[in-house]
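Student: sequence first, then the predicted structure:
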Amino acid sequence: MSEQTAILTEIRSLSAHDGPGLRTSLFFKGCSLKCLWCHNPETIGSAPELEWDSKTCIDCRICEAICPEKAIAFTEPQSYIIDKHRCTVCGICVESCPSKALQFIGASYTVDQLFDRILKDEKFIKRSNGGITFSGGEPTLQYPFIAELAEKLKADGYHLALDTCGAAHVKAYETLVPLMDLILYDLKEMNEYKHRKFTGSSNKLIHKNLLLVLNLIDQQKLKTELWIRTPLIAGMTDTEENIKAIGKFLSQNYSAQKWELCTFNNLCLAKYRKLGRKWDLEQTELLTNDHAANLLDLAKLSAPKISSITLSGLTKTSKTD
């Protein structure tokens, strides 16, 4: 039995996103970026952490009484009760909470444990020509684990997809790309200054790794597909300048199978509140239909060699509609 372990926040069955067919998506904990718009804030940190759901809490205050670190304290009016600096994630409060308002985020799995869990979804996956998607967070940060699991899954005939932001060590892509049937690769913002501002990191490594992925596919004559994803965030990445720059970069370097523009929404706000984190984008509005459509048209003009350029996500009615 393998001794390698990885920390995941969620195993999502029957997902219709992140690749063809119905998929089991594995969300690995830990990320190399800190995007202001992140929809999975529970995956940013690499270590397990505690969350509290104020809507589920019945105010019994058992957790406050039994916490050995005195890391839980209720206030009036009730606010976030966990002091993350004092909490050691010992789990006593989770075990004692009658309403399950306190929960762990992040569970450890061995390769064999995760493989056995995936087998439970096998019939749905294979009947729909689906597969497994390694997501996060940034899954490549745990690439030795994924490589071992991927080899077992490939031997069993599964379609494999890697969802990556591109900000990881070269070795991760050299190891994983040959094992994948599909790479979902983010290009968020082409302007270096803005990328640092929005994600906390440079985009130079991301661009370098994308070219590496392309070279690996070409040199090793892999059948791996490469889909590009761009999040459209109002007032940030949703500029004509950004879409033109990404389109130019893609046209100059390769002909992709697909480029997907993904519109922003704030439906993940509850996740931030459960973690006791402030989210600066909670009031950010949806893109209008017209603006999103204009960006889609611009993407098609900027990257004419890409046969499939699509728009996904929620939008709102334009005032003129």
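Tutor: That came through fine.
Student: make it CA atoms for all contacts and neighbour counts henceforth
Tutor: OK.
Student: got any ranges where the stretch 1-150 of the chain has weak pLDDT?
Tutor: 1-2 (pLDDT under 70).
Student: what residue is smack in the middle of the chain?
Tutor: G136 (4.0 Å; C-alpha atoms, centre = their mean).
Student: and that one, how far from C31?
Tutor: Distance, G136 to C31, by C-alpha to C-alpha, to the nearest Å: 7 Å.
Student: on that earlier part again, what residues are up against the residue nearest to the centre of the chain?
Tutor: By C-alpha atoms under 8 Å, 6 or more residues apart in numbering, the contact set of G136 is 26-31, 40, 43, 163.
Student: overlap of the contact sets of G136 and C31?
Tutor: With C-alpha under 8 Å, 6+ apart as the test, G136 and C31 both reach T43.
Student: quick one on the thing from earlier: tell me the one of the contacts of G136 nearest N191?
Tutor: Relative to N191, the closest of the contacts of G136 is C31; by C-alpha to C-alpha it sits at 21.0 Å.
Student: pretty sure the closest one belongs to a helix, no?
Tutor: No - judged by DSSP: H, G, I helix; E, B strand; the rest coil, C31 forms no part of a helix; its state is coil.
Student: touching, it and A47? I think so.
Tutor: No - at 10.9 Å, C31 does not count as touching A47 under the criterion of C-alpha atoms under 8 Å.
Student: output the contacting helices and strands for the lengthiest strand in the chain.
Tutor: Counting by DSSP state E, the longest strand found in the chain is strand 5-15. Applying 3 or more C-alpha pairs under 8 Å, 6 or more residues apart in numbering; DSSP states H and E, one finds that strand 5-15 contacts strand 23-28, strand 107-110.
Student: contacts for that strand, please.
Tutor: Here strand 5-15 makes contact (C-alpha under 8 Å, 6+ apart) with 22-29, 42-43, 46-48, 105-111, 121, 124-125, 142, 145.
Student: what comes up buried for that strand?
Tutor: Buried residues in strand 5-15, defined by neighbour count with 16 or more other C-alpha atoms under 10 Å: 5-11, 13-15.
Student: now stretch 151-165
Tutor: Here stretch 151-165 shows 153, 158-165 as buried, counting by 16+ other C-alpha under 10 Å.
Student: Q113: which element?
Tutor: For Q113, the element it lies in under DSSP states H and E is helix 111-119.
Student: show me what that helix is packed against.
Tutor: Counting by 3+ C-alpha pairs under 8 Å, 6+ apart, helix 111-119 packs on helix 143-155.
Student: and the helix it packs on, what other elements does it pack with?
Tutor: Applying 3+ C-alpha pairs under 8 Å, 6+ apart, one finds that helix 143-155 contacts helix 111-119, helix 170-176.
Student: could you export the shortest one as CSV, CA atoms only?
Tutor: Taking only C-alpha atoms (Å, rounded to 0.1, in the frame of the first residue of the first chain), the coordinates of helix 170-176 have been written out as CSV:
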residue,chain,number,x,y,z
VAL,A,170,8.7,22.8,-13.9
LYS,A,171,9.2,19.3,-12.6
ALA,A,172,5.5,19.1,-11.8
TYR,A,173,4.5,19.6,-15.4
GLU,A,174,7.2,17.4,-16.8
THR,A,175,5.9,14.7,-14.6
LEU,A,176,2.1,15.2,-15.0
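Student: what is the next helix or strand after it packed up against?
Tutor: Counting by DSSP H and E, the next helix or strand C-terminal to helix 170-176 is strand 182-186. For strand 182-186, the elements it packs on are strand 159-164, strand 225-232, judged by 3+ C-alpha pairs under 8 Å, 6+ apart.
Student: for the ones you listed, could you give me a markdown table that also reports distance to K197 and mean pLDDT?
Tutor: Listed next are those as a markdown table, based on distance: least, C-alpha to C-alpha, whole Å; pLDDT from 0 to 100:
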| stretch | distance to K197 | mean pLDDT |
| --- | --- | --- |
| strand 159-164 | 20 | 98 |
| strand 225-232 | 15 | 97 |
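Student: can you lay out these as TSV showing distance to S307?
Tutor: As requested, the helices and strands packed on strand 182-186 are exported to TSV (distance: least, C-alpha to C-alpha, whole Å):
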stretch	distance to S307
strand 159-164	20
strand 225-232	11
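Student: could you list the low-pLDDT ranges of the stretch 151-300 of the chain?
Tutor: Confidence mapping of the stretch 151-300 of the chain against pLDDT under 70 gives the ranges 255.
Student: outline the domain layout of this structure.
Tutor: 5-45+107-312, 49-105 (automatic domain parsing).
Student: could you say which of the ones you listed is packed most deeply?
Tutor: domain 5-45+107-312 (a mean of 18; mean count of other C-alpha atoms under 10 Å).
Student: that one: end-to-end distance?
Tutor: End-to-end distance of domain 5-45+107-312 (C-alpha to C-alpha): 34 Å.
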